[in-house]
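K.L.:
Task: produce atomic coordinates for the following.
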Amino acid sequence: MVGKRGAAMYNEFRGNCIRIAIDANEFTTRRVPITLPDGYSYETIHILYLHNISEIVPYFLVTNNMTYHIPPVRSHSPSTFSLLVGNLAESAEIRILIEKFGQIPDANYFDKAFKPISVTGDDGNKYNVIPSDQFK
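P.N.:
Predicted structure coming up:
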């Protein structure tokens with residue numbers, strides 16, 4: 001299945017397996033946006049293969065054969081990637097296994113800082129916390 005939106009390259013989605021292949025000189029900018037198909041979001045991903053791509057979203061460096069956990073916040077999980085291609089004159093490819101699907105798909109998950117909520121701890125003090133589902 002080809003991604004609904006994003007760049008016009010070879011995007012393959014087979015269940016929880018994702019392959020994105022970019023031809024050499026296909027783009028004029030190094031940042032390539034990818035929107036996953038409707039209903040897809042991710043919480044835990046495993047990078048199976050990586051060539052000429054260093055980030056999946058700005059400042060989120062990835063390496064080959066590593067697993068990454070992105071916690072749901074307010075029951076929302078990311079549903080996009082913004083790949084950073086190292087050299088536009090070379091082909092690039094990433095293969096991702098979604099080990100755990102996320103919750104409500106949120107295309108803006110990484111766009112800004114999360115707003116904390118104020119809670120009272122067991123010690124009676126007030127704390128600002130991010131309401132992440134990882135602490136349920």
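
K.L.:
Sketch out the strands for the chain, chain order is fine.
P.N.:
5-6, 10-14, 17-22, 31-35, 42-51, 53-57, 60-61, 66-69, 76-78, 80-85, 92-101, 104-106, 117-120, 126-129 (DSSP state E).

K.L.:
want to try TSV for those, with mean neighbour count as columns?
P.N.:
In short, each C-beta sits where N, CA and C put it, glycine included. Output for the strands of the chain, formatted as TSV (neighbours: other Cβ atoms under 10 Å):
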stretch	mean neighbour count
strand 5-6	14
strand 10-14	14
strand 17-22	18
strand 31-35	17
strand 42-51	18
strand 53-57	19
strand 60-61	12
strand 66-69	12
strand 76-78	21
strand 80-85	22
strand 92-101	18
strand 104-106	17
strand 117-120	10
strand 126-129	10
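
K.L.:
Would you convert those into JSON lines that also reports mean pLDDT?
P.N.:
Below are the strands of the chain laid out as JSON lines (pLDDT from 0 to 100):
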{"stretch": "strand 5-6", "mean pLDDT": "45"}
{"stretch": "strand 10-14", "mean pLDDT": "91"}
{"stretch": "strand 17-22", "mean pLDDT": "96"}
{"stretch": "strand 31-35", "mean pLDDT": "94"}
{"stretch": "strand 42-51", "mean pLDDT": "98"}
{"stretch": "strand 53-57", "mean pLDDT": "97"}
{"stretch": "strand 60-61", "mean pLDDT": "96"}
{"stretch": "strand 66-69", "mean pLDDT": "97"}
{"stretch": "strand 76-78", "mean pLDDT": "95"}
{"stretch": "strand 80-85", "mean pLDDT": "96"}
{"stretch": "strand 92-101", "mean pLDDT": "97"}
{"stretch": "strand 104-106", "mean pLDDT": "96"}
{"stretch": "strand 117-120", "mean pLDDT": "85"}
{"stretch": "strand 126-129", "mean pLDDT": "87"}
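
K.L.:
List the contacts of Met9.
P.N.:
By Cβ atoms under 8 Å, 6 or more residues apart in numbering, the contact list for Met9 reads 20-23, 26, 32.

K.L.:
For it, give its distance to Ile20.
P.N.:
7 Å (Cβ to Cβ, to the nearest Å).
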